[in-house]
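[1] Here is the input, now give the coordinates:
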Amino acid sequence: MLKDKAVIKNERKQKIRLRIRKKITGTAERPRVYVFKSNRYLYVQAINDLEGKVVAAASTLEKELREAGKNLKNKEACQLLGERLAQRLKEKNIGQIVFDRGIYPYHGRVKILAEALRQSGLAF
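    Numbers count the residues shown, from 1 in each chain. Sure thing, here's the model as predicted:
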C-alpha cells in the first residue's frame, strides 16, 4: 500500500530527531537548547533531559520581540531571540549548553541563533 508523501516526510523527520537525540542529552548544569522552526516563528527551549523539565524558553511570538522587529522570520529576529534566551539562562546561572539544531541544517537562521548565543556568553 502506498503511503501519503506527508506521512513519509514525517517519518523521515522522526528518524533524524531520534538519531540526534541518541547523541545529545541535557543536564541541569548544561541543558540542551532545542530549536523548532515553523513557517512563521522560531521557538527555542533549554531542556534538562534528566528531569524532563524546560529550564528556559523563548520565541519570536513574545510581545517584546514582536515590537522590536517587523518581520519575525528574518535573521535579525533570530539574533534578538538568541540574546533573549542567553539572558534568561544567565539569570539561572547557566553558562554552558548543548545545542540541538533538530532536523534543520546549521545555516541561515539556525546559525545566526547559535552565534547570538555564543556572543552573549554561552559556551557550547
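[2] Would you mind giving the secondary structure of the most centrally placed residue in the chain?
    Centroid-nearest residue in the chain: V35, 2.1 Å away (criterion: Cα atoms, centre = their mean). Here V35 takes the strand state, with states given by DSSP: H, G, I helix; E, B strand; the rest coil.
[3] residue contacts, it?
    Contacts for V35 (Cβ atoms under 8 Å, 6 or more residues apart in numbering) come out as L42, Y43, V44, D100, R101, G102, Y104, V110, L113. From N, CA and C alone the C-beta is placed, and that goes for glycine too.
[4] Just the buried ones from these?
    The neighbour-count test (16 or more other Cβ atoms under 10 Å) marks L42, V44, D100, R101, V110, L113 as buried among the contacts of V35.
[5] how far away is the fourth one from K63?
    Spelled out, it's R101. 26 Å (Cβ to Cβ, to the nearest Å).
[6] just the first one next, same as before
    Distance, L42 to K63, by Cβ to Cβ: 15 Å.
[7] which other helices and strands contact the helix or strand of the chain with the lowest mean pLDDT?
    Here the helix or strand of the chain ranked lowest by mean pLDDT, DSSP states H and E is helix 63-68, holding a mean of 82. Secondary structure elements in contact with helix 63-68, counted by 3 or more Cβ pairs under 8 Å, 6 or more residues apart in numbering; DSSP states H and E, are helix 75-91.
[8] repeat that with 10 Å
    strand 53-59, helix 75-91 (3 or more Cβ pairs under 10 Å, 6 or more residues apart in numbering; DSSP states H and E).
[9] Could you list the residues in contact with it?
    Y41, L42, A58, S59, T60, E62, L72, E76, A77, L80, L81, R84 (Cβ atoms under 10 Å, 6 or more residues apart in numbering).
[10] which among those residues gets closest to R30?
    Closest approach between those and R30, by Cβ to Cβ: A58, at 18.1 Å.
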